[in-house]
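Student: Just the structure for this:
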Amino acid sequence: MDLSQLFGSERIGRVLLKMAPPVMLAQVIQALYNIVDSLFVGRYAESGLTALSIIYPLQLLMIALAVGAGVGINTVMPARLGTGQAPGPLFTM
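Tutor: Numbers count the residues shown, from 1 in each chain. As a prediction, this is how the structure comes out:
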């Protein structure tokens, strides 16, 4: 099935079932990285485990901001290209 058919005519639930598993897998792998880091670092020093527990929410925040910016740009660019505007700066002062 072509992507234009998938997004244009398919029900939202079916689209989510097709598009969500790769994103979910990426998030599970990211969480496993942090769990394995905590297991290894926790064997050697409590201060290292404390540092990991402080950094984990900051890491999630950085990932969320980067993904949000990527999704936003991927939404604005096709809209601009579809209206015939040049793909120049997204925000003008």
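Student: in the chain, which spans are helices?
Tutor: Along the chain, counting by DSSP state H, helices occupy 3-9, 12-44, 46-82.
Student: Name the residues of the longest one that come out as buried.
Tutor: It refers to helix 46-82. Leu49, Leu52 (16 or more other C-beta atoms under 10 Å). Every residue, glycine included, has its C-beta placed from N, CA and C.
Student: what inclination does it have with respect to helix 12-44?
Tutor: 150 degrees (axes from the mean of the first three to the mean of the last three C-alpha atoms, to 10 degrees).
Student: Reformat the helices of the chain as CSV; add mean pLDDT.
Tutor: CSV is the format used below for the helices of the chain (pLDDT from 0 to 100):
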stretch, mean pLDDT
helix 3-9, 66
helix 12-44, 85
helix 46-82, 85
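Student: Which residue lies nearest the spatial centre of the chain?
Tutor: Nearest residue to the geometric centre of the chain (C-alpha atoms, centre = their mean): Val67, 4.0 Å.
Student: roughly how far apart are that residue and Tyr33?
Tutor: Going from Val67 to Tyr33 by C-beta to C-beta, to the nearest Å gives 16 Å.
Student: can you check Glu46 too?
Tutor: Glu46 is 21 Å from Tyr33, by C-beta to C-beta.
Student: try Leu25
Tutor: Distance from Leu25 to Tyr33, by C-beta to C-beta: 13 Å.
Student: again, but for Gly68
Tutor: Where Tyr33 is concerned, Gly68 sits at a distance of 21 Å (C-beta to C-beta).
Student: cool, and Leu65?
Tutor: 19 Å.
Student: residues contacting the nearest residue to Gly48 once chain neighbours are set aside?
Tutor: Nearest non-adjacent residue to Gly48, counting by C-beta to C-beta, 6 or more residues apart in numbering: Val41, 4.1 Å away. Contacts for Val41 (C-beta atoms under 8 Å, 6 or more residues apart in numbering) come out as Gly48, Leu49, Ala51, Leu52.
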